[in-house]
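A.B. asks: missing the sequence, but the structure's below:
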């Protein structure tokens with residue numbers, strides 16, 4: 001029996017988004033579907049490369065198609081960038097923040113970037129902590145950025161991560177601590193706009209601690225996909241975390257979740273676990289604000305020694321790397337959930353099927369691809385005609401084949417990375 005596009009689309013309703021709890025068709029994540037000579041060509045609104053949730057949904061889609069006797073060719077649609085976006089080649093900007101200094105924010109940012117790169121993503125790391133730019137030391141970069149003919153900075157790389165830091169601009173003994181507000185803003189904007197980042201799946205930004213002008217400049221200049229708020233369990237740190245969360249929410253920036261650092265100390269001598277800074281504080285704040293607790297990272301001397309040696313611990317197969325590996329997975333999945341919820345027009349922290357709609361833009365990107373659902377005036381979701389192309393003007397969005405290995409480099413003009421969806425076809 002010939003399988004129709006409408007039948008396949010209906011079967012795809014069995015594929016549920018694990019973070020949002022709603023099927024991918026109702027969410028509008030299937031932006032195009034065609035069957036040609038026994039091959040199902042499916043385009044998806046996925047925008048979190050190497051997020052395990054999206055990779056697993058890709059596997060599930062292949063299983064559904066295989067049950068119908070179809071081979072599968074998956075593609076992902078990267079919506080057109082807003083012309084006002086200063087970083088048109090960057091798919092997701094992740095801000096790593098803390099309400100106060102000394103909580104391990106830069107350690108978290110560096111390991112998050114290195115971990116995402118280790119998974120296969122194209123990653124940049126912007127050291128926006130202008131008063132304490134320690135990223136180059138922690139990731140093992142001794143060199144300086146190059147320079148293009150037009151004066152743009154070319155970031156050096158380590159562990160697969162492109163890095164730009166205030167430290168590169170203060171080699172002559174300048175003290176960033178004496179910089180005043182207007183000068184800080186100019187420097188930060190240059191670090192954002194005057195850099196040849198190329199195409200990136202993720203740009204991790206290590207923000208200065210606190211909620212001052214520097215943080216606001218970055219949040220207002222960059223289309224931030226979401227923020228990771230780093231804290232330690234003690235009360236004084238948690239009070240500042242609340243201020244940071246409010247700052248992001250006041251500027252319509254999603255909070256991806258809380259990363260609790262120094263959550264406990266595992267004594268190598270007695271084998272016991274000691275809560276030196278208290279316990280449960282990060283979880284309490286996460287529950288209060290309705291955001292995930294992304295990970296609890298224990299104190300481990302190896303984390304410090306690896307950082308001092310310029311070798312992010314996440315890149316080493318040790319017990320100390322495991323919490324950071326889990327953090328990388330949690331953050332990527334959360335970015336994906338926030339992006340997909342924006343496509344559907346629902347709250348990622350409280351997804352309600354009755355709220356389903358498809359806004360014109362999300363994550364700072366203009367979405368010109370269509371969806372599989374429309375919303376009637378009464379607020380109910382109605383499926384589009386299943387046998388009519390649902391992608392609108394498909395040429396307006398970048399689409400990349402997710403079933404072919406990406407062999408392009410990071411230079412301008414390279415195709416968007418496939419984000420881990422290029423696993424073996426099960427059809």
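C.D. replies: Nice, thanks for sending it over. Remember, it's a predicted structure, so these values are computed and weren't measured experimentally. Numbering: from 1, shown residues only.

A.B. asks: in the stretch 101-250 of the chain, which ranges drop under the pLDDT threshold?
C.D. replies: 170-182, 237 (pLDDT under 70).

A.B. asks: how about the strands in it?
C.D. replies: Along the stretch 101-250 of the chain, the segments classed as strands by DSSP state E, counting those that start in this stretch run 123-127, 146-147, 153-154, 157-158, 161-165, 200-206, 224-231.

A.B. asks: what lines up beside the fourth one in the sheet?
C.D. replies: Right, the one you point to is strand 157-158. If you go by DSSP bridges, strand 157-158 pairs up with strand 161-165 (antiparallel).

A.B. asks: follow-up on the earlier one: make JSON lines out of the strands of the stretch 101-250 of the chain and add mean neighbour count and distance to residue 266.
C.D. replies: Using the backbone N, CA and C atoms, a C-beta is placed for each residue, glycine as well. Listed next are the strands of the stretch 101-250 of the chain as JSON lines, based on neighbours: other CB atoms under 10 Å; distance: least, CB to CB, whole Å:
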{"stretch": "strand 123-127", "mean neighbour count": "29", "distance to residue 266": "28"}
{"stretch": "strand 146-147", "mean neighbour count": "12", "distance to residue 266": "42"}
{"stretch": "strand 153-154", "mean neighbour count": "18", "distance to residue 266": "41"}
{"stretch": "strand 157-158", "mean neighbour count": "20", "distance to residue 266": "29"}
{"stretch": "strand 161-165", "mean neighbour count": "27", "distance to residue 266": "28"}
{"stretch": "strand 200-206", "mean neighbour count": "27", "distance to residue 266": "26"}
{"stretch": "strand 224-231", "mean neighbour count": "28", "distance to residue 266": "19"}
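
A.B. asks: those strands: which one's closest to residue 114?
C.D. replies: strand 161-165 (5.8 Å; CB to CB).

A.B. asks: what's the helix or strand that residue 6 is a member of packed up against?
C.D. replies: Taking DSSP states H and E as the definition, one finds residue 6 inside helix 5-11. In terms of contacts (3 or more CB pairs under 8 Å, 6 or more residues apart in numbering; DSSP states H and E), helix 5-11 is packed against strand 30-36, helix 52-67.

A.B. asks: any idea which residue sits dead centre in the chain?
C.D. replies: residue 335 (4.3 Å; CA atoms, centre = their mean).

A.B. asks: now do the same for it: its pLDDT.
C.D. replies: pLDDT for residue 335: 98.

A.B. asks: report all helices and strands that the helix or strand where it lies contacts.
C.D. replies: According to DSSP H and E, residue 335 maps onto helix 322-344. On a contact count with 3+ CB pairs under 8 Å, 6+ apart, helix 322-344 meets helix 52-67, strand 90-98, helix 105-119, strand 224-231, strand 255-266, strand 293-299, strand 361-362.

A.B. asks: redo these as a markdown table? Include distance to residue 305.
C.D. replies: Listed next are the helices and strands packed on helix 322-344 as a markdown table, based on distance: least, CB to CB, whole Å:
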| stretch | distance to residue 305 |
| --- | --- |
| helix 52-67 | 29 |
| strand 90-98 | 22 |
| helix 105-119 | 12 |
| strand 224-231 | 20 |
| strand 255-266 | 15 |
| strand 293-299 | 13 |
| strand 361-362 | 41 |
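
A.B. asks: I'm done for today, thanks for sticking with me.
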